[in-house]
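**Q** Whatever this is, show me its structure:
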Amino acid sequence: MEKSKIWTNETFKGVELLSASYTKFEFTKHWHEELAIGVIEEGAEGLYYRGKNLVIPKHHIVAINPSEVHTGFAGSPSGWRYRMFYFNLEELNNQFANRDIPIDPIIDSPIIYDEYLFKILLQLHMSLEESSFKLTKESLFTLSIETLFKQYGGAKKETIHTICTKSSYLARDFIQDNFEYNPSLSELETISNCSKFQLIKSFKAIFGITPHQYLLLTKVKHAKSLLSKGLSCVETSLACGFYDQSHFTRNFKKAYGISPSNYLNRIS
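**A** From the prediction side, this is the model:
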């Protein structure tokens, strides 16, 4: 089945997103002004790139540098399902200026196998399609860009990241005190006086989870407490600052293995 969806998300300027599934469709020769980074979810994508036919299998990352002529076609009988980012490099440079991240348009290889990078790119793409907190989107975006360019970019740069203990505790306390209105990563950076990437790494080293995971855990724990006091699912969702009922239900079930409505019925 041939299907595709393309969109932008207001959280980040200069990023276009594509989610598609193709079986027989083939792209003609073309190029992008942007850096194209994608994750292959199912099947395999065939790619004619730099004079060679390549196959990018499931759970691999495809990287196409700006202005490079290429095609795209099914690399397996079942075709391929994938998600693509098209990054405007000027906007990326603006967002990561003075962050010690060497934004460079050249990615070393068109095929990358990196389980960690694949996972966070996939989570980022999905967060820009579904209802997600700004802290979640910003954290995944920062981690993805940092890992991509420092590990696979043409301008690799080694950076030593120290553990920001005090900053991590400041960020944790701020999340606890303000979880209802969904603090952003930029706010945490300001109050903790620690760069976004350093804060994420330090926070996880100290508490075992990232700031956006801590925010979700704080919300669902508070939600469980409110439900046990007799508040309805709608009242609880609003009180905890979830975007909508589906967002609340999805995250509550991930934490407790049961939907909030079923939990409410069991304790009633």
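**Q** Kindly state the pLDDT recorded for residue 51?
**A** Looking at residue 51, its pLDDT reads 84.
**Q** actually residue 29, not the one I wrote
**A** Residue 29 is given a pLDDT of 85.
**Q** Just the CA trace of the helix or strand hosting it, in CSV.
**A** Secondary-structure element containing residue 29, defined by DSSP states H and E: strand 27-30. Extracted in CSV, the C-alpha atoms of strand 27-30 (Å, rounded to 0.1, in the frame of the first residue of the first chain):
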residue,chain,number,x,y,z
PHE,A,27,11.6,8.3,-6.8
THR,A,28,13.2,9.8,-9.9
LYS,A,29,16.6,11.4,-9.6
HIS,A,30,16.4,14.5,-7.4
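**Q** ok, and for the helix or strand that that strand is followed by, which residues are buried?
**A** Next along the chain after strand 27-30, taking DSSP H and E as the criterion, comes strand 35-49. For strand 35-49, burial by neighbour count (16 or more other Cβ atoms under 10 Å) applies to 35-41, 43-49. In this view, the C-beta of every residue, glycine as well, is placed from N, C-alpha and C.
**Q** With stretch 106-113 instead?
**A** 107, 110-112.
**Q** Ok, stretch 2-13 next?
**A** Those buried within stretch 2-13 under the rule 16+ other Cβ under 10 Å are 9, 12.
**Q** could I get it in CSV with only the CA atoms?
**A** Taking Å, rounded to 0.1, in the frame of the first residue of the first chain, the C-alpha atoms of stretch 2-13 are listed here in CSV:
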residue,chain,number,x,y,z
GLU,A,2,1.4,3.4,-1.0
LYS,A,3,0.8,6.1,1.5
SER,A,4,2.6,9.2,2.7
LYS,A,5,2.1,12.2,5.0
ILE,A,6,4.2,15.4,5.1
TRP,A,7,4.0,18.1,7.7
THR,A,8,5.9,20.6,9.9
ASN,A,9,5.7,21.1,13.6
GLU,A,10,5.6,24.6,15.2
THR,A,11,8.1,23.6,17.9
PHE,A,12,11.1,23.7,15.5
LYS,A,13,11.6,26.0,12.5
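**Q** Touching it from outside, list them.
**A** Stretch 2-13 is contacted by residues 15-25, 88, 91, 95, 128-129, 134, 137-138, 141 when judged by Cβ atoms under 8 Å, 6 or more residues apart in numbering.
**Q** rerun at 10 Å
**A** 14-25, 79, 81, 83-88, 90-92, 94-95, 124-125, 127-129, 132, 134, 136-138, 141, 184 (Cβ atoms under 10 Å, 6 or more residues apart in numbering).
**Q** Ok, stretch 218-235 next?
**A** 133, 172, 175-176, 178-180, 182, 236-242, 244-245, 248-249, 251-256, 259-261, 263-264, 267-268.
**Q** I'd say residue 27 and residue 72 touch.
**A** Yes: applying Cβ atoms under 10 Å, one finds residue 27 in contact with residue 72, separated by 4.0 Å.
**Q** any common contacting residues for those two?
**A** 45-48.
**Q** and which of those residues is nearest residue 64?
**A** Taking Cβ to Cβ as the measure, residue 64 sits nearest to residue 47 out of these, at 7.8 Å.
**Q** So that closest one versus residue 23, what's the distance?
**A** To residue 23, residue 47 is 16 Å away according to Cβ to Cβ, to the nearest Å.
**Q** With residue 48 instead?
**A** Counting by Cβ to Cβ - residue 48 and residue 23 are separated by 18 Å.
**Q** Could you do residue 212 as well?
**A** 35 Å.
**Q** Have a look at the two and say which one is more surrounded.
**A** residue 212 (26 against 15; other Cβ atoms under 10 Å).
**Q** Remind me which helix or strand that one belongs to.
**A** Assigned by DSSP H and E, residue 212 falls in helix 211-228.
**Q** after that helix comes which helix or strand?
**A** Past helix 211-228, the next helix or strand by DSSP H and E is helix 233-239.
**Q** how about the strands of the protein, start to end?
**A** Taking DSSP state E, the strands of the chain run over residues 3-8, 15-22, 27-30, 35-49, 52-57, 61-64, 70-74, 80-87, 111-112.
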